[in-house]
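**Q** I'll drop the sequence and a predicted model, then ask my questions.
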Amino acid sequence: MSRAPAVALLAFALAGAAFAQELPPAEPQAAASTFTPLPAEAIAPLPPPPAPSRVRPEISTDEGGLWGMSERAEQVARASGQLERDPALNAYLRDVACGVAGPYCGDIRLYVMNRPYFNAQMAPNGYMEVWSGLLLRAEDEAQLAFVLGHEIGHYGERHSLAMLRTMRGRANAAMVFSIITAGAGVGVVGDIVYLGTIASVFGFSRENETQADGIGYDHAVAAGYDPQAGQRLWANLLAETRGSDNPDTRREETRASIFRTHPLSADRVEALTARASRSSGGETQRERYRQTIRPFLDGWLRSDLRRRDYGQTALILDRLSAHGEDLGLVEYYRGEINRLRRAEGDRERALEHYTNAIAQPDAPPAAWRELGDYAARDGRNVEAAGFFGAYLERAPNAGDRALIEARLAQLTGGEQ
Ligand SMILES: [Zn+2]
């Protein structure tokens, strides 16, 4: 390798060292997992793993520098306002990760970040991030297990070290470091800058991606998951790239901008499809997955809308409703796309979706408010008052209660 990147990384490691002291010691190996995805007889033996260093390498080495950066990034994640702390969700993800981690289960420290892009990463020190945008896009536990297995594949093969050793120049490295330490992810724009910057330097090679896919596949299938899960997930992401409102994103096509740190290409889907065609059986664990993420769907969809790529959000909604679930929520968000996009015909479509939403038991109260708003603008005052009343009945503690009450009073000539 060239010396320059190692020197640059060493400087980063030293900058990170002060924070590293505050980190908890690495968790003991083979932490007990109470999670059993499938009966034990379904689990086939895995090939012997290569060895990540697992103990902090010498600070003077390039790998030591990489650990320093990782520890600093982990510290930032732990203090981030985007950290999702829900205990049930975190426990579930840890269990799924452990189910496909084999001997590395005890190495993993997993953090869920509320960021609307598809991303997961695992650093050489065992720090793993899973973004809510990934959880929103995975259709089932098998897809999640595959992608976590893929990350563990990068970890086990020490791909980040290989990447570092071919790093394209220290200026890039310095930029990445400054973004990581600036606390990444100040709003959605911050997220995409962060992700794009990391990817510009830390994008894994094609060979590393294919290898990680193979490892993720093997681990997930060995744990009893559906062999088709990985290729379905990648195919969905490619479809989402093609479904983008943004012509630049569509042109990137096979690079799938929503997963920038792991360049995705059609040949990866083909490779996994060929592999999966030789296997059958396995479980998707779709219902268990959906039940776990259901309480978060509303917030994650709201957050996804802030990306303002309505073509992509519409595809997510199609997948979420493919089994006829959460239709009130899905129809409400379809209405939201139309209301916010304001293209020709969107007004009528929004009305239709909100109307569909309120016929479902899980409709968010806001669907009534939006219907009230449209009715009021059309001068249908009695209807509008009915919708606003229904909204306040369902959301008595709404933040905009005073505002809606004022509108109600106006609509009913002050008799309300
Ligand atoms: Zn990857």
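**A** Looks like it arrived, so ask away. Numbers count the residues shown, from 1 in each chain.
**Q** helices of the stretch 201-350 of the chain, residue ranges please.
**A** 206-222, 229-242, 247-252, 266-276, 286-305, 310-320, 327-341, 346-358 (DSSP state H, counting those that start in this stretch).
**Q** which strands and helices sit next to whichever strand or helix holds Glu129?
**A** Take DSSP states H and E as the rule and Glu129 turns out to sit in strand 127-131. In this structure, strand 127-131 packs against helix 62-79, strand 109-113, strand 120-122, helix 141-156, with contacts taken as 3 or more Cβ pairs under 8 Å, 6 or more residues apart in numbering; DSSP states H and E. Any C-beta I mention is one placed from the backbone N, CA and C, and that applies to glycine too.
**Q** show me the one of the ones you listed that comes nearest the ion.
**A** helix 141-156 (5.5 Å; Cβ to the ion).
**Q** next secondary structure after that closest one?
**A** helix 159-165.
**Q** next one: that next one to chain centre, how far?
**A** Relative to its parent chain, helix 159-165 has a centroid offset of 24 Å by Cα atoms, centre = their mean, to the nearest Å.
**Q** quick one: mean pLDDT for that helix?
**A** What helix 159-165 shows for mean pLDDT is 73.
**Q** does the ion sit close to it?
**A** No: judged by Cβ under 5 Å from the ion, helix 159-165 stays clear of the ion, getting no closer than 7.7 Å.
**Q** list the buried residues in that helix.
**A** 159-161, 163-164 (16 or more other Cβ atoms under 10 Å).
**Q** quick revisit: could you dump the helices and strands packed on strand 127-131 to JSON lines with distance to the ion and mean pLDDT?
**A** What follows is the helices and strands packed on strand 127-131, written out as JSON lines (distance: least, Cβ to the ion, whole Å; pLDDT from 0 to 100):
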{"stretch": "helix 62-79", "distance to the ion": "16", "mean pLDDT": "81"}
{"stretch": "strand 109-113", "distance to the ion": "16", "mean pLDDT": "95"}
{"stretch": "strand 120-122", "distance to the ion": "8", "mean pLDDT": "87"}
{"stretch": "helix 141-156", "distance to the ion": "5", "mean pLDDT": "94"}
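**Q** what's the most buried one of these?
**A** helix 141-156 (a mean of 27; mean count of other Cβ atoms under 10 Å).
**Q** so which elements touch it?
**A** Partner elements for helix 141-156 (3+ Cβ pairs under 8 Å, 6+ apart): helix 87-101, strand 120-122, strand 127-131, helix 132-137, helix 206-222, helix 229-242, helix 286-305.
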